[in-house]
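Novice: below is the structure, and that's it, no one-letter string:
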């Protein structure tokens, strides 16, 4: 299929058109263009996926050579294998549903043109990221999605807090991006290419397992992945990134962009297999992040922040899977997570939309009968998130936990940690459901969602329920892990844990058999709650450790002596300028006369020298 | 050749005189139209010197440069007169001592 380039082209062209219209396009047309271009891309991807499933053939398309510098010739080229097809389907499929939803959600916003322009640009960049056949092109998409994330988090820029959140998201991910850029440079100087497949082959032939170089290179790549996927220690930007519109959170900060780090590691898994210490670090980072974020999610009261922490936590599961070489399970969880987390965010967005921008879950309540579509969406999404049996999240999370269990040595520890995370996931997700949709109502919804909002919810419900039955075409991509001597006890425990979490949530928040209030009001309890509410106080910690010393240093360094030289030059020039300004009289005859005398003087000097 | 020969020195003296006239006019007149005319006189003085020099050495270059100066002068007049119109509209005067808003 030669028209693969059309897939990123549609959203890109639409973004350019929308940007050039500078907001003067009628909103009907902007919405049609914005959602339609992604829909067209989704159709193209569906055709491509059908062709791929039929012949299982890797497709390589070279458009042109990007640049030629010495022996460095990166191309604009796409590499389409099973992993790419899976990612593209998620991006365009879920992306289209979110765009459709956005039409209704953003209809009353005056900047709907700008919104769709950024969203389309994001989809184009994300497609570029997953389709790239070399790491430099991947990096272009990587930075592109970072830019769009920045633009969309700060979409409602009139509130300075949103701008602050956008800057934080940009700067924190930038730290990871810098590490990744260094990693790319290291890979290029050592292996002489950035094309992914030749690179992996060269690494396999030149490096031994456990050498220093692959460990260093993968550690740097991991830095980029950690920043983009909001893992410890660079996870602090994601909860604040909820300042953007809710469909943005669904698309960028749940379904696609934050999983780019997972994709990067899965794409370069050959390198990570050469560096067992880094891979073990991936697993531990994933485990720590998933636990830390799950605890933090327990104490939040902003509906979107709960979902943000749960996203961090679920991506932790994906990292855990990558760390224990269960790449296919990690990608499977990525896909199911994209379904149910997009569903949860969109449902949360509908609640926020219908309750007039209410974010606090304690001021909601009783919405079960008032917003039935949203209630069922949320229930299904939460069930999948908590991995209740036979939902999509169950299949993917179960596979990860089983793979963790089978790792020799540290395996049971990782498994136990993941299990604790699953328990917490059950508690916080059903805490959300019980508080928002049961109990007595505090607010009457002022409107009902229309079909453009309801349809994506219903479709995503179906995907969140049945997504576990999908068979992803990843067999040719990742090495086959020798599976599995079934351990029934382990399986039963994995199945039972989320149910236990659901039961605890029921006792605490709905049945009220156990009073959560006395627990929270005890001194230790309230301190713990505040500690988790603040996200383990990591923001103040980074503030004290990095931000304040850095700004202090910058302030101090402002008056450094070297600057004196340049400031002196400026002073002299300014002084001369003020003196010379006197000759600028505005009188034409004065100019002519001075020119004449100047010329006479010059001629006289020349004649004197000639003589 | 043949006919009445005008000595080179005479022509150059005339050119010099014309040029000085133009220069003095440029420096002393206040009316922008007269300043433009003075410029024309200076250009033509230079052109005259070129023609004389071309005749003296028997080369065509002098005449070619003359043509060039002619076209430059024409272009200059076109732009200059346009500016004059604008000045008249803006300042309601052609006195360049009045129009000095460009003072730094």
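Specialist: Thanks, I have it. Everything numeric in this text was worked out from a predicted model, so none of it was measured.
Novice: now residue A:195: phi and psi?
Specialist: Backbone torsions of residue A:195, given as degrees, to the nearest 10, read phi -60, psi 130.
Novice: next, count neighbours for the residue nearest to it when sequence neighbours are not counted.
Specialist: Spatial nearest neighbour of residue A:195, excluding adjacent residues (C-beta to C-beta, 6 or more residues apart in numbering or on different chains): residue A:134 at 4.5 Å. From N, CA and C alone the C-beta is placed, and that goes for glycine too. Residue A:134 has 23 neighbours, counted by other C-beta atoms under 10 Å in any protein chain shown.
Novice: wait, residue A:134 touches residue A:196, no?
Specialist: Yes. Between residue A:134 and residue A:196 there is a contact under C-beta atoms under 8 Å: 6.2 Å.
Novice: so what's residue 84 up against?
Specialist: You didn't say which chain, so I picked chain A. Listed by C-beta atoms under 8 Å, 6 or more residues apart in numbering or on different chains, the contact set of residue A:84 reads A:78, A:130, A:131.
Novice: chain B is the one I meant
Specialist: B:32, B:33, B:36, B:94 are the contacts of residue B:84 under C-beta under 8 Å, 6+ apart.
Novice: of these, which belong to strands?
Specialist: Members of the contacts of residue B:84 lying in strands (criterion: DSSP state E): none.
Novice: pick the one among the residues you listed closest to chain A.
Specialist: residue B:32 (7.7 Å; C-beta to the nearest C-beta).
Novice: show me which residues of the longest helix anywhere in chain B are buried.
Specialist: Longest helix in chain B by number of residues (criterion: DSSP state H): helix B:61-91. Applying a neighbour-count criterion of 16 or more other C-beta atoms under 10 Å in any protein chain shown, the buried positions in helix B:61-91 are B:62, B:65, B:66, B:69, B:73, B:77, B:80, B:84, B:87.
Novice: could you dump the contacts of residue A:84 into TSV and include secondary structure?
Specialist: Converted to TSV, these look like this (DSSP: H, G, I helix; E, B strand; the rest coil):
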residue	secondary structure
A:78	strand
A:130	helix
A:131	helix
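Novice: out of these, which is most surrounded?
Specialist: residue A:130 (26 neighbours).
Novice: look at the nearest residue to that one once chain neighbours are set aside and say how many residues are nearby.
Specialist: Among residues not flanking residue A:130 along the chain, residue A:87 sits closest, at 4.0 Å (C-beta to C-beta, 6+ apart). Other residues near residue A:87 number 27, with proximity taken as other C-beta under 10 Å.
Novice: quick one on the thing from earlier: if we check chain A, which of the contacts of residue B:84 are in contact?
Specialist: The subset of those within reach of chain A, counting by C-beta under 8 Å from any C-beta of the partner chain, consists of residue B:32.
Novice: mind picking the two most distant members of the contacts of residue B:84?
Specialist: B:36 and B:94 (10.2 Å; C-beta to C-beta).
Novice: okay, these two: which has more neighbours?
Specialist: residue B:36 (19 against 16).
Novice: does the more buried one touch residue B:79 like I think?
Specialist: No. Counting by C-beta under 8 Å, residue B:36 stays clear of residue B:79, with 10.1 Å between them.
Novice: what is the mean pLDDT for stretch A:597-607?
Specialist: On average, the pLDDT along stretch A:597-607 is 94.
Novice: I'd like the next helix or strand past the helix or strand containing residue A:575.
Specialist: Assigning secondary structure by DSSP states H and E places residue A:575 in helix A:561-580. Next in sequence after helix A:561-580, counting helices and strands by DSSP H and E, comes helix A:588-610.
Novice: so where's the chain uncertain?
Specialist: You didn't say which chain, so I picked chain A. A:1-2, A:480-486, A:513-515 (pLDDT under 70).
Novice: that's the wrong chain, I wanted chain B
Specialist: In chain B (pLDDT under 70), the answer is B:1-4, B:102-104.
Novice: re the thing from before, closest to chain A among the buried residues of helix B:61-91?
Specialist: Looking across these and measuring by C-beta to the nearest C-beta, the closest to chain A is residue B:87, at 10.1 Å.
Novice: list the contacts of the closest one.
Specialist: Counting by C-beta under 8 Å, 6+ apart, residue B:87 makes contact with B:32, B:93, B:94, B:99.
Novice: let's have these in CSV, adding distance to residue A:332.
Specialist: Below are the contacts of residue B:87 laid out as CSV (distance: C-beta to C-beta, whole Å):
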residue, distance to residue A:332
B:32, 83
B:93, 85
B:94, 85
B:99, 80
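Novice: of these, select the buried ones using a PyMOL command.
Specialist: In PyMOL, this line selects whichever of the contacts of residue B:87 come out buried by 16+ other C-beta under 10 Å:
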select buried, chain B and resi 32+94+99
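Novice: farthest pair within the contacts of residue B:87?
Specialist: Maximum pairwise distance in the contacts of residue B:87, criterion C-beta to C-beta, is 9.3 Å, between B:32 and B:93.
Novice: roughly how far apart are residue A:599 and chain B?
Specialist: 10 Å (C-beta to the nearest C-beta, to the nearest Å).
Novice: and that residue, how many residues sit next to it?
Specialist: 11.
Novice: any idea how far it lies from residue B:76?
Specialist: To residue B:76, residue A:599 is 18 Å away according to C-beta to C-beta, to the nearest Å.
Novice: do the same with residue A:90
Specialist: 69 Å.
Novice: secondary structure element for residue A:494?
Specialist: Residue-wise, residue A:494 maps onto helix A:488-505 under DSSP H and E.
Novice: run the chain-centre distance for that helix.
Specialist: Its chain's average C-alpha position is 30 Å from that of helix A:488-505, according to C-alpha atoms, centre = their mean, to the nearest Å.
Novice: now do the same contact list for the nearest residue to residue A:379 once chain neighbours are set aside.
Specialist: The shortest distance from residue A:379 to any non-neighbouring residue, by C-beta to C-beta, 6+ apart, is to residue A:433 (6.1 Å). Listed by C-beta under 8 Å, 6+ apart, the contact set of residue A:433 reads A:378, A:379, A:382.
Novice: how does it look with 10 Å?
Specialist: A:361, A:368, A:375, A:378-379, A:381-383, A:386, A:502, A:505-506, A:509-510 (C-beta atoms under 10 Å, 6 or more residues apart in numbering or on different chains).
Novice: over to residue B:17?
Specialist: Neighbours of residue B:17 in contact, by C-beta under 10 Å, 6+ apart: residue B:45.
Novice: I'd say residue A:293 and residue A:235 touch.
Specialist: Yes. Under the criterion of C-beta atoms under 10 Å, residue A:293 makes contact with residue A:235 at 7.0 Å.
Novice: find residues that contact each of the two.
Specialist: Common neighbours of residue A:293 and residue A:235, counting by C-beta under 10 Å, 6+ apart, are A:308, A:309, A:311, A:312, A:313, A:315, A:316, A:535.
Novice: what about residue B:25, distance to chain A?
Specialist: For residue B:25, the distance to chain A - C-beta to the nearest C-beta - is 10 Å.
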